[in-house]
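Visitor: Sequence and predicted model, in that order:
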Amino acid sequence: AMYRATNTIRQRLNQIDRLRELFEGGAEGLVLPAIAVIGNQSSGKSSVLERLSGIELPRGEGMTTRCALVLRMHCKPDMRPEDSYCTITGGGQAGGQPKRIDLKSVPQHIAAITKTLASDKSSISQESINLQVFSPAVPDLTLIDLPGIVYCDGARGNAISADIKRLYMKHIEEQSVVILCVQPADADPGTQEASAWALEVDPNLERTVGVVTKMDKANMEDARLGERLLGRGENAWPFRQTIAMRNRAQTRADSSLTADDVTRQERDFFAQRHPGLATLSPKDRERILGVDALVRTLVEIQASHVARAIPKLRRELTQQLNALEARLAALPPACASRQECRAVLSRPLNEFVENVRRLSEARHDMLPGSQSASRKRTSDAAFGSAANAAEDAAELSVDGHSQLHMMPRLQDLFERFKQHVRSSSSNVFTADFRRRIEYQLSESRGANLPGLQNPSVFKYFVRLLAEELKEPALALADAVIEYMRTLCDSLVRMHFPTFPALQGFLQSSLYDLLEDSFKRTRTHIEEQVQMEVEEFTLDNGYSAHLDLVRARRAEEARVAQLCQGFVCTVWGASEIDACIEGRLSPMPAPTTLAVTPAPSPPSRPAFSSRVLSAIGMGSLNQPAARAPEPIIFFNDSEVQELQMHLHCYRKVVFKRFTDQIAAYIRLRFPRHLRDTVRAHLDRAIMSDDAEIEILMAEQPAQRAERQRLTDRIARLREGQRLMTPSFGRLGGAAE
């Protein structure tokens, strides 16, 4: 009677065993309650299992247990002992049909399956063998027998030990698993590796039960033996409960004994008046001595753990089923016709077009929880590189965590474009550019009256300055289209994630649309440059700039004439810009200037480009501590006048050119994409000529994923069906 669990517990055990069969190898991640039997090799672990199950397990030299054996015992009180039988499955395949065998052939079948799972006699398999025993002489228990821990030298031995430990941890780490740690009585408890591994996962040994075997080899004269079994005193077994057993000895005489004979011998052994057990009370003897005490303890522990595990299993089944059903629903349906394909595409296509519109308008509601993000960056050495555009466009997260809208990103490109043009264009006030002006003026002498501005020379340099704007503008167009391509790629992947063939088709189609805008932009840039070359500006700003600079120049020339010998330096681009923008300080009164006569100038060529004119453009400097650089008066106002005209003219052209190019790109790229993307994609994928059913054909990987999810959902639903009646009636409470 003590072998048989109550009807309620037996029903729960049957349900959990069915789940274990249904989810062989933990395929669904469910942790089922169990009792794992661990111990060092030759600790008597197999003898304990044989005493509990009444069947013989494989024996021999070396490692005979090389994989986990899930031993489920069903107590059948109405069955005749001679009708007892077993079923066995192996190989780790869920849903495998159990094979019915007789009790005597169990060792051969286990050895054959072990050889299949671990062909090498020294290898360890992480899969399991499932053995069920139906008999009137077994308790209602489910045990997991793990290989004995062995000590091996060398690299191969270390690998075996690592495989065994990995298998142990796989089964004993979970809190719902009770650990049955088997140790021989003639070994020091502190030297057993099994105890150390149990302590790793159960530091307080709250779910670990000790079994001390081979009590006939213990020192029964030791008066402290009983106290050590109770966990008291020095060198005691560390478990909260320890069961002592005397199993069948490995001798010829004991090999012929029946299970009943071995149990009778054990009772007689513990009934003797051993000095080592004299301190045990009758209650302690009944609780910790013999196989009957072990059965009672395991049945009680198992009932308690199963009752606590049922509510958790019910929640896990429901959660996993909901999660898998959501994943299956997220997969696009397998479209069988063009009409079904169009119906499936309708919603993501509408969302794609809407998000293009929102991005082009810098809207902040593209996706739930999205936010606009603009990253401040330093100027790059190479303006508008494709790497920078791709990096910035990558900030368009497909999860909606960070959105970089078109207009802020394009504005960033425009600012870098202007900075690059400003920093890379020729400075008309450098010595090299001055020499080029002097050369062109010298080559044009005789074509104009002296003192009149030469229009051909001016137009020649205007062409040079205008041509310098072309390459940066084309680089800007390259950067914009690279950014737009990356942006479109991100949107396509976000809205059509499960159709790789359709993704490639849509990306190619959008590239064609962008390429058309790119070609038009290149043409516009070339026309804009040509316009600046052929047509002079009518902008009044040019004249206003010249008037400001000329007025300042005349004032400085007047002051310089009054203060003869005062050192003057030629203006550059920064001084002219400061004058135009009103950033120059007022001219000082001549009476306040300290005049230091300059030393006599040395003899120099009359037309040297280094000579400064006293009446030319310049800023007044206070006298230096050392002697100033000598001045030779030379009238080169024609060169300076042309420099001044070119700089002021370029300033107006630069502003107009960069503003117009930026405005055209904004019109041609984001706005044109926004206005035409819907019609373009409708023609590409929704027309009668489009082979949309081919583009949306289910990929092999997706088909396999759908089948895998369907199979897992079917198993989880079967698990719910198996356990729901018990859950509804019992509510997971222990009896």
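Guide: Everything's here; your move. Note that the structure is predicted; figures quoted are calculated from it, not measured.
Visitor: How many residues are close by L667?
Guide: Residues lying near L667 (other C-beta atoms under 10 Å) number 13. For glycine as for every other residue, the C-beta is placed from the backbone atoms N, C-alpha and C.
Visitor: would you say it is within a helix?
Guide: Yes - the assignment for L667 (DSSP: H, G, I helix; E, B strand; the rest coil) places it in a helix.
Visitor: Give me the below-cutoff pLDDT ranges for the stretch 501-650 of the chain.
Guide: 536-541, 553, 556-636 (pLDDT under 70).
Visitor: 50 instead, please
Guide: Scanning the stretch 501-650 of the chain for pLDDT under 50 picks out 565-569, 590-635.
Visitor: And stretch 687-701, end to end?
Guide: Stretch 687-701 stretches 28 Å from its first residue to its last (C-alpha to C-alpha, to the nearest Å).
Visitor: State the mean pLDDT of it.
Guide: For stretch 687-701, mean pLDDT rounds to 73.
Visitor: please renumber so the chain begins at 2
Guide: In the new count, where the first residue is 2, that last one comes out as stretch 688-702.
Visitor: buried sites along that stretch?
Guide: By 16 or more other C-beta atoms under 10 Å, the buried positions in stretch 688-702 come out as A691, I693, L696, M697, A698, E699.
Visitor: and these, which of them are in helices?
Guide: I693, L696 (DSSP state H).
Visitor: okay if I get the buried residues of stretch 688-702 as TSV plus distance to V654?
Guide: Output for the buried residues of stretch 688-702, formatted as TSV (distance: C-beta to C-beta, whole Å):
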residue	distance to V654
A691	48
I693	51
L696	49
M697	52
A698	56
E699	58
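Visitor: so, if you compare the buried residues of stretch 688-702, which one comes nearest to Q531?
Guide: A691 (40.9 Å; C-beta to C-beta).
Visitor: Tell me how far I36 lies from R486.
Guide: From I36 across to R486, the span is 62 Å (C-beta to C-beta, to the nearest Å).
Visitor: ok, the buried residues of stretch 688-702 vs S162, which is closest?
Guide: Using C-beta to C-beta, the buried residues of stretch 688-702 come closest to S162 at E699, 46.6 Å.
Visitor: pretty sure the closest one contacts E341?
Guide: No - with contacts counted by C-beta atoms under 8 Å, E699 stays clear of E341, the gap being 11.9 Å.
Visitor: Quick one: neighbours of P501, just the number.
Guide: 14.
Visitor: Just give the nearest non-adjacent residue to it, would you?
Guide: Closest residue to P501 apart from its sequence neighbours, by C-beta to C-beta, 6 or more residues apart in numbering: Q700 at 6.5 Å.
Visitor: correct me, but that neighbour touches L503?
Guide: No - look at Q700 against L503 with C-beta under 8 Å: they stay out of range, at 10.7 Å.
Visitor: for the closest residue to A138 other than its chain neighbours, phi and psi?
Guide: Excluding its sequence neighbours, the residue lying closest to A138 (C-beta to C-beta, 6+ apart) is G55, at 5.3 Å. With angles defined as degrees, to the nearest 10, G55 sits at phi 80, psi 10.
Visitor: For stretch 48-61, which residues meet the burial criterion?
Guide: Applying 16+ other C-beta under 10 Å to stretch 48-61 flags S48, V49, L50, E51, R52, L53, S54, G55, I56, L58, P59 as buried.
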